[in-house]
Structure formats: C-alpha cells, structure tokens
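**Q** all I have is the shape, not the residue letters:
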C-alpha cells in the first residue's frame, strides 16, 4: 500500500484563504479537510495574493499573522524552479494575465507535482493553448485522487 502522504499537491491561493479568515466557495472549502491525507505545498507568492484579496475585500486583518504562521507550519513551501518563471511569463504572453496562477501552474509542472485549482477559466485557457493538464486537479478530481491513494 502506498504512503497516505505520497500525493504531493501544490494548492492555488483559494485553498489558503480560509486560514487567513477569508471565505471561499463551498466546493473549495469541502476539500480542505482532505489535505491531511496528502503533502500540501504552497508558494509564498500565494500569501501575497491572499493579502491583496484581504485588502480588496476590506477584511479585518486581525487573523493575518496567525493565519500566515499556520500556513507556514502546516504546509510545505515550494520554491519555484527558475524555468517555472519562464513558463509563467510565456503563459502571460499567450493571454492569461494572472502571473500568480501562471507561476503556480508552471511550478507544479516543473516540480512534478499535482496542482489543485478551482479556476475553471484558467483550466480552459490551458486547454485551448494546448498546455499539459495531466497534473491539474479540480476539487472533484482531487477527491478521486485522494480516494485512490487512501
């Protein structure tokens, strides 16, 4: 039997937001409890993106510090490979203007791990641009993947 934590998953910023006191869509929230069964990774850039969201939504920042500490102590930070930045920029030039999404996708690809996102528009963009999608998971496919390795 495989190690329950053998699945390595880089999560989109959305999945970090509840830890910082920001509500997310139900289908994102419901998979977070499954994180205890996999190795979860995040990019430091996602914390910056979450901070932008906190400011934009004018959310009370009182839980920010404890939330950031919780993310850093619970999940694994992934340092993007230099080549991931090149891919992120290429995706930007192809038309996807969210550099954080692009970097998350590229970092997971170059690191050989899965990427969990709820951004169907981004997945559709990748599909239309004929980018590899075998490592990209949505909440539904993430649930199935976790079930397979459990």
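**A** Cool, got the structure. None of these values were measured; they are calculated from a predicted model. Numbering: from 1, shown residues only.

**Q** my read: residue 9 touches residue 114, true?
**A** Yes - the criterion here is Cβ atoms under 8 Å, and residue 9 meets it with residue 114 at 4.6 Å. C-beta coordinates here come from the backbone N, C-alpha and C atoms, glycine included.

**Q** can you check which residues contact both of these two?
**A** The contact sets of residue 9 and residue 114 overlap at 137, 142 (Cβ atoms under 8 Å, 6 or more residues apart in numbering).

**Q** pull the contacting residues for residue 31.
**A** So residue 31 contacts 15, 116, 139, 142, 143 (Cβ under 8 Å, 6+ apart).

**Q** from those, which would you call buried?
**A** 15, 116, 139, 142 (16 or more other Cβ atoms under 10 Å).

**Q** now intersect these with the helices, please.
**A** Judged by DSSP state H, those include 139, 142 as members of helices.

**Q** rebuild the buried ones among the contacts of residue 31 as CSV, extending it with pLDDT and distance to residue 96.
**A** CSV is the format used below for those (pLDDT from 0 to 100; distance: Cβ to Cβ, whole Å):
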residue, pLDDT, distance to residue 96
15, 98, 19
116, 98, 18
139, 97, 21
142, 97, 21
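
**Q** just the element for the nearest residue to residue 98 once chain neighbours are set aside, please.
**A** Of all residues not flanking residue 98 in the chain, residue 122 sits nearest, at 7.3 Å (Cβ to Cβ, 6 or more residues apart in numbering). Residue 122 is part of helix 120-128 when elements are defined by DSSP states H and E.

**Q** buried sites along stretch 75-95?
**A** By neighbour count on 16+ other Cβ under 10 Å, the buried set for stretch 75-95 is 75, 78, 80, 84, 85, 87, 88, 91.

**Q** which SS state does the fourth one fall under?
**A** Using DSSP: H, G, I helix; E, B strand; the rest coil as the criterion, the local structure at residue 84 reads helix.

**Q** where does the closest residue to it other than its chain neighbours fall, secondary structure wise?
**A** Counting by Cβ to Cβ, 6+ apart, residue 106 is the residue found nearest to residue 84 once chain neighbours are left out, at 4.0 Å. Element membership of residue 106 [criterion: DSSP H and E] is helix 99-111.
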